[in-house]
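> Just a sequence and a predicted model for now, questions to come.
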Amino acid sequence: MADGTKIEWTDATWNPITGCAIVSPGCTNCYAMKLAGTRLRNHPSRRGLTKDTKAGPVWTGEIRFNRNWLDQPLRWTKPRMIFVCAHGDLFAEGVDEVWIDFVFAVMALAPQHTFQVLTKRPERMREYMLGMLSRRQFIAGYGALVWGGDRPDLVYETVDEAIAKPLPNVWFGVSVEDQKRADERIPILLDTPAAVRWISAEPLLGPVDLMSIKDAHRPPAQLNSLSAYYSCGPSTFDAPGRLHWVVAGGESGRSARPLHPEWARSLRDQCSAAGVPFLFKQWGEWVPQVGAVDGWTIPDDPEISRTDHRDWEDDHWGEPYRPMWCDDIDDDTVSRVGKKYAGRLLDGVEHNGFPEVRR
């Protein structure tokens, strides 16, 4: 939990729930998992949530509810964008549904904030949101009991009315590190009641073509239409299946995998064509093919390493991208310069798009 963060797309992190489990390739180098097994391994909120392996700390699947942090957003009066469960997943398998209810009670009582929820378990998120109306009384009752003070009826009515439809200050997102995960998770997100829907393509481990995603709930003529998934401007509750924001970025850390420039450019261009806000978070540790990123130069740093692209082509870049690397032998490299030097300029431009939302 931190009021202030280096994450480019949020202002603060809130961790009422910590702990998780590995479910897909994007989890392999999870920063929260590594942190929970190293610097924070003895902290009460992290102790025992990871196990040591040859590859480093790995989530055990145990989940912890940090009740003492639950009301933190209620004590922040200045509006913030808040990343919910930055060191876990609100909809992970081990999260008690009652804990999720508690989190929603807080979010309903803090309309000044924007809560950014990101999950790799969209099925459970959809199930929870579709069942929200049946849980209204419990959530409102909990809010009134804990924070009602001398006006419990008012607090009850406030929460009950707020969650009668998707909270306008809660953005639901899914992580999509490659096409397989995009195909699996995005249609479920589009079928989830939400004021704002977004995707985080970080770490981006392969190309993602949003136009190819199929949604069984759409008319056949719209299945391959990018505009069928996107809309510009404010979201509405009665317009199903809209994405409002795309975040993309590379991986950082000791075992980071490189991000191919064309993967990031493709998402940028898809968003531009559809009028959807796009935020490029970072290159991460690696900049592929020196000179491929306009305006980017290598600093005079002895720790920079270069790796022949052929070491990567079979297990990382994939067939469609191999021909792009062969213009000059000096360009057949990926350069590890670290997150600081790699920066976040994509073809010389810093992309900081955010959805515009009317409350």
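That came in fine, so what should we check first?
> Distance check, A2 against Q282.
Computed as C-beta to C-beta, to the nearest Å, the A2 to Q282 distance reads 18 Å. The way it works is simple: take the backbone N, C-alpha and C, and place the C-beta from them, glycine included.
> The two: who's more crowded?
Q282 (20 against 14; other C-beta atoms under 10 Å).
> I'd like to know how many residues surround C30.
Neighbour tally, C30, other C-beta under 10 Å: 18.
> pLDDT at it, what is it?
Here, the pLDDT recorded for C30 equals 95.
> cool, M211 as well?
M211 is assigned 85 on the pLDDT scale.
> Next: L259.
At L259, pLDDT is 89.
> Contact partners for it?
P203, L204, G249, G250, E251, W283, G284, W286, P288 (C-beta atoms under 8 Å, 6 or more residues apart in numbering).
> and which of the residues you listed is nearest W99?
Closest approach between those and W99, by C-beta to C-beta: P203, at 27.6 Å.
> What residues does the spatially closest residue to the closest one that is not a sequence neighbour make contact with?
Excluding its sequence neighbours, the residue lying closest to P203 (C-beta to C-beta, 6 or more residues apart in numbering) is E251, at 3.6 Å. By C-beta under 8 Å, 6+ apart, the contact set of E251 is N29, E202, P203, L205, R257, L259, G284, E285.
> Sort out which of the residues you listed are buried, if you could.
Neighbour counting by 16 or more other C-beta atoms under 10 Å classes N29, E202, P203, L205, R257, L259, G284, E285 among the contacts of E251 as buried.
> What ranges in the chain fall below the confidence cut-off?
1, 215-241, 288-334, 358-359 (pLDDT under 70).
> In it, what residue spans correspond to helices?
Assigned by DSSP state H, the helices in the chain fall at 31-36, 72-75, 97-108, 122-130, 136-147, 152-162, 179-190, 226-229, 261-274, 338-342.
> Mind putting those helices into JSON lines with mean neighbour count?
JSON lines is the format used below for those (neighbours: other C-beta atoms under 10 Å):
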{"stretch": "helix 31-36", "mean neighbour count": "20"}
{"stretch": "helix 72-75", "mean neighbour count": "17"}
{"stretch": "helix 97-108", "mean neighbour count": "21"}
{"stretch": "helix 122-130", "mean neighbour count": "18"}
{"stretch": "helix 136-147", "mean neighbour count": "19"}
{"stretch": "helix 152-162", "mean neighbour count": "17"}
{"stretch": "helix 179-190", "mean neighbour count": "19"}
{"stretch": "helix 226-229", "mean neighbour count": "18"}
{"stretch": "helix 261-274", "mean neighbour count": "18"}
{"stretch": "helix 338-342", "mean neighbour count": "17"}
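> out of these, which comes closest to F354?
Closest to F354 of the helices of the chain is helix 261-274 (C-beta to C-beta; 12.2 Å).
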